[in-house]
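Participant: A structural model of the following input is requested.
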Amino acid sequence: EKVINSGGNVGGMGADIRYSKDGPVGNYETLSPIETLKKYKTLSGVVHFKQNDWGGGVFFHSLFSHTPVITTRRYIEKTNSSNYLIHNFNSLHIESPIEAANAVEKLLNDEVFEKMSSGMSYIKKKLMNEDYWSKWTEFLNTVIETSF
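Facilitator: The predicted structure is shown next:
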């Protein structure tokens with residue numbers, strides 16, 4: 001099986017494609033947001049081992065592509081994301097390299113992947129509910145009214 005490393009947030013600039021070859025992310029391919037969503041849809045899971053900061057892009061892309069996440073328990077605690085990344089529901093939380101390897105193997109099982117992908121879909125529906133879209137519309141109307 002293959003684990004792919006793609007570049008990421010460089011100096012607060014996000015997945016800026018100009019850093020893909022000789023820049024700070026080295027020779028790892030850095031994807032634009034649209035290309036990232038397309039890539040996520042082809043994956044069995046996303047491995048995200050950031051420790052101290054919120055990886056909003058990883059969660060966003062996983063949420064919208066229904067792709068399970070493998071991350072550390074420390075990350076879940078530090079980011080207070082236990083209501084959104086739920087162990088064995090839409091993500092796998094690990095503490096060691098052996099657990100990480102086992103989590104990758106686990107997501108290769110079609111039944112496990114489907115269950116966790118469905119879990120991610122559920123969280124998306126829970127977050128992006130009618131109240132969310134109503135507030136979004138209200139926000140847009142306020143912007144339009146104050147812009148002219």
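
Participant: Mind checking what helix or strand follows the worst-scoring helix or strand of the chain on mean pLDDT in sequence?
Facilitator: Using mean pLDDT, DSSP states H and E, the weakest-scoring helix or strand in the chain turns out to be helix 33-40, at a mean of 84. Along the chain past helix 33-40, the next helix or strand (assigned with DSSP states H and E) turns out to be strand 46-48.

Participant: Can you tell me which helices and strands that following strand packs against?
Facilitator: Helices and strands touching strand 46-48, as assessed by 3 or more C-beta pairs under 8 Å, 6 or more residues apart in numbering; DSSP states H and E, comprise helix 56-65, strand 69-72. The C-beta positions use only the backbone N, C-alpha and C, and glycine is treated the same way.

Participant: Of these, which is nearest residue 122?
Facilitator: For the helices and strands packed on strand 46-48, the distance to residue 122 is smallest for helix 56-65, at 10.5 Å, taking C-beta to C-beta.

Participant: pLDDT averaged over that closest one - what is it?
Facilitator: Per-residue confidence for helix 56-65 averages out to 86 on the pLDDT scale.

Participant: For it, which outside residues touch it?
Facilitator: 8-9, 14-15, 33, 36-37, 40-41, 46, 48, 50, 67-69, 81, 84-85, 120, 123-124, 127 (C-beta atoms under 8 Å, 6 or more residues apart in numbering).

Participant: Check those residues for burial and list the buried ones.
Facilitator: If you count burial by 16 or more other C-beta atoms under 10 Å, the buried members of the contacts of helix 56-65 come out as 8-9, 15, 36-37, 40, 46, 48, 50, 67-69, 81, 84-85, 120, 123-124.

Participant: give me the element residue 114 is part of.
Facilitator: For residue 114, the host element (DSSP H and E) is helix 110-127.

Participant: now that helix, how far from the centre of its chain.
Facilitator: Averaging C-alpha coordinates over helix 110-127 and over its chain gives two centres that are 13 Å apart (C-alpha atoms, centre = their mean, to the nearest Å).

Participant: buried set for that helix?
Facilitator: Taking 16+ other C-beta under 10 Å as the criterion, helix 110-127 shows 112-113, 116-117, 119-120, 123-124 as buried.

Participant: Next, the residues that contact that helix from outside, please.
Facilitator: 44-45, 62-64, 66-68, 84, 86, 88-92, 106-107.
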